[in-house]
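*Asks:* Requesting a structural model of the entry that follows:
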Amino acid sequence: MDPQQLRTFVTVARLASFSEAARELGYTQSAVSQQIAALETDLGAALLHRRPVGPTEAGARLLEHAAPLLLRLDAARADVARLAGTPSARLLLGATPLAVGAALGRALGEVRRSYPGVELVVRVLAQDALPALVATGEVDLALIDGLAAPSDPLPLPEVGPLSTVAVDEQPVAVALPAGHPLAGRTGIALADLSAARWLDAPDLAPTTARLRATAGVEGFRPATRYRGTDVHGLLALVATGHGLTVLPASVLAGAPGVVAVPVGAPRLVHRTELVHGSLPEGPAALLASLLDGGSAAAG
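*Replies:* A predicted model of the protein is given here:
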């Protein structure tokens, strides 16, 4: 199966148009049609309906395979390029919002002192996007955080030969408004809050689906959906009664109008991991060594 033909097929299926795919890919429409025909001949199946343009049953099945196949090809190219290339003058770090903190700043300061000419770029992105970006070389390495059992790795997607290193683990707590009936508790089981109003903030905190799976009970329905990376905005919604959330206890310390009650059951931590591919000597390798093993706790 030719990878370029597969990419062309995915583009035509996504845009539902041979002509639009040709414009996006920089081909003639005839070249796109020839690539699709060659792929169909190779696989022995019609992959696209022509009028209107859309995947056949076989094409829909191929689309399920296409994304991970193309991702692994891009990851392989990036991995070999990292090993064969020279250190870049730019260090591009991806990070989830809560993984960016003073300790990371100190580690980046060490990198700048060792490589004074390096351009440091930090991209704050959602957890789901980062492993693939590391695998394909779009970021050099990433700091990813999330909910886990103590000493357990984060559940990350399989996107290539990446290394993960624990950087930090912190206790977690439920964020309650100051007047909440349970605000005086010294600990609480998540299952006891299954019927509460919850905030669904996937870029900052465990989703309600994740809480439901972790607690092992039904419930945890979102009362408010928060799509953003500003933790202060999220806590303002908690303080004004729009829902509860689970965050690292350190993030909740001193938040106005919010009380942090430690999660007693199940046993959980907020875990931060460094994710990277092969790292030849250079700024990225130095940053990884500084963050390795929890030497730079995110926060």
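*Asks:* quick one, strands of the stretch 101-250 of the chain?
*Replies:* 119-124, 141-148, 163-177, 188-189, 198-200, 222-225, 245-248 (DSSP state E, counting those that start in this stretch).
*Asks:* and the first one, average pLDDT?
*Replies:* The average of the pLDDT scores along strand 119-124 is 92.
*Asks:* Run the angle between it and strand 141-148 for me.
*Replies:* Here strand 119-124 runs at an angle of 30 degrees relative to strand 141-148 (axes from the mean of the first three to the mean of the last three C-alpha atoms, to 10 degrees).
*Asks:* number of nearby residues for residue 144?
*Replies:* 25 (other C-beta atoms under 10 Å). Placement of C-beta: from N, CA and C, glycine included.
*Asks:* circling back to that earlier point, for the strands of the stretch 101-250 of the chain, which one ends up most surrounded?
*Replies:* Of all those, strand 245-248 has the most neighbours on average by mean count of other C-beta atoms under 10 Å, namely a mean of 25.
*Asks:* longest single helix anywhere in the protein?
*Replies:* What stands out as the longest helix in the chain, according to DSSP state H, is helix 57-84.
*Asks:* Can you identify the element that follows the least confident helix or strand in the chain by mean pLDDT toward the C-terminus?
*Replies:* Across the helices and strands of the chain, the lowest-confidence element by mean pLDDT, DSSP states H and E is helix 57-84, at a mean of 82. Toward the C-terminal end, the helix or strand that comes next after helix 57-84 (DSSP states H and E) is strand 90-95.
*Asks:* Please name the strands paired to that following strand in the sheet, noting orientation.
*Replies:* If you go by DSSP bridges, strand 90-95 pairs up with strand 119-124 (parallel), strand 141-148 (parallel).
*Asks:* So for it, mean pLDDT?
*Replies:* 92.
*Asks:* which ones are touching residue 77?
*Replies:* By C-beta atoms under 8 Å, 6 or more residues apart in numbering, the contact list for residue 77 reads 136-137.
*Asks:* actually residue 217, not the one I typed
*Replies:* 191, 194.
*Asks:* Which residue ranges of this protein form helices?
*Replies:* Secondary structure of the chain (DSSP H): helices at 3-15, 18-25, 29-43, 57-84, 102-114, 130-135, 208-215, 231-239, 249-252, 283-291.
*Asks:* burial of residue 138, as a residue count?
*Replies:* Using other C-beta under 10 Å, the number of residues around residue 138 comes to 16.
*Asks:* any idea of the pLDDT on residue 295?
*Replies:* 42.
*Asks:* likewise residue 155?
*Replies:* 87.
*Asks:* and it, what does it touch?
*Replies:* Contacts of residue 155 (C-beta under 8 Å, 6+ apart): 146, 148.
*Asks:* Now it: phi and psi?
*Replies:* When read as degrees, to the nearest 10, the backbone of residue 155 gives phi -80, psi 90.
*Asks:* picking up where we left off before, compare the strands of the stretch 101-250 of the chain and give me the one nearest residue 34.
*Replies:* For residue 34, the closest of the strands of the stretch 101-250 of the chain is strand 119-124, at 37.9 Å, according to C-beta to C-beta.
*Asks:* Nice, that's everything, thank you.
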